[in-house]
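> Provide a 3D model corresponding to the input given below.
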Amino acid sequence: MAPAIAWAQIPETYQRVARQAGVPTNVLYAVALQESGISIRKRRLPWPWTLNVAGKGHYYATRIEACQALLSARQHTNARRIDVGLMQLNLGYQQRHYRQPCDLLDPTRNLTVAASILRQHRRPGESWMPAIGRYHRPAGGLPAAQYRRSVSKHLNQLAAERMAP
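Model prediction:
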């Protein structure tokens, strides 16, 4: 597995969106790594032009290519089986957050919606880990637990990078 990006190198957009939503930057970034992470030059980075259509991930070089693929996928795939962008927002469940499906390919919008969802899933007095699990699967259960473990690995890598000299 490729190393995580150093804490200080988390893009400013993640920091700003996280701050505005009241979500820790490392949580937002770790979820992005889990949702759309791809290895580029031996680094694991979230990729904004990512789609998951019916359980199969697709990475595109440009927003235009991703948008064309998204519009095509909508013609033959139920919107609830299509996830979009950095945070893999579900096209069917998140309809109130876009006018056109390709709006969710805007990185800032995608992060903003996702940060809001993460914040809504956090219950008073609990850590962010249960909210992370509910982000993936609101009903909880084994899929949410497995997801929490995966995101926890990214959080641990970010923490290790932060502590490194």
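
> so where is this structure shaky, pLDDT-wise?
Residues of the chain meeting the criterion pLDDT under 70: 1-8, 163-165.

> repeat that for 90
1-9, 41-43, 158-165 (pLDDT under 90).

> tell me which residue lies nearest the centroid of it.
In the chain, the centroid-proximal residue (Cα atoms, centre = their mean) is residue 87; its distance is 2.2 Å.

> tell me how far that one lies from residue 35.
From residue 87 over to residue 35 the distance is 5 Å, taken as Cβ to Cβ, to the nearest Å. Heads up, the C-betas are built off the backbone N, CA and C, glycines and all.

> mind listing what's buried in the longest helix seen in the chain?
Counting residues, the longest helix in the chain under DSSP state H turns out to be helix 141-163. For helix 141-163, the neighbour count (16 or more other Cβ atoms under 10 Å) marks 144, 147, 148, 151, 154, 155, 157, 158, 161 as buried.

> ok, the third one to residue 31 distance?
In other words, residue 148. For residue 148, the distance to residue 31 - Cβ to Cβ - is 10 Å.

> list residues touching both of the two?
Listed as contacting both residue 148 and residue 31 by Cβ atoms under 8 Å, 6 or more residues apart in numbering are residue 132.

> which SS class is the residue nearest to residue 93 when sequence neighbours are not counted?
In space, and not counting its chain neighbours, residue 93 is closest to residue 80: 6.4 Å by Cβ to Cβ, 6 or more residues apart in numbering. Secondary structure assignment for residue 80 (DSSP: H, G, I helix; E, B strand; the rest coil): helix.

> now for residue 80: which residues touch it?
Residue 80 makes contact with 90, 91, 92, 93 under the criterion Cβ under 8 Å, 6+ apart.

> adding neighbour count, write those out as JSON lines.
Output for those, formatted as JSON lines (neighbours: other Cβ atoms under 10 Å):
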{"residue": "90", "neighbour count": "16"}
{"residue": "91", "neighbour count": "23"}
{"residue": "92", "neighbour count": "12"}
{"residue": "93", "neighbour count": "13"}
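
> of those residues, which is the nearest to residue 76?
residue 91 (13.2 Å; Cβ to Cβ).

> next, count neighbours for residue 18.
Using other Cβ atoms under 10 Å, residue 18 is surrounded by 22 other residues.

> wouldn't it be in contact with residue 28 here?
Yes - if you go by Cβ atoms under 8 Å, residue 18 and residue 28 touch, sitting 4.5 Å apart.
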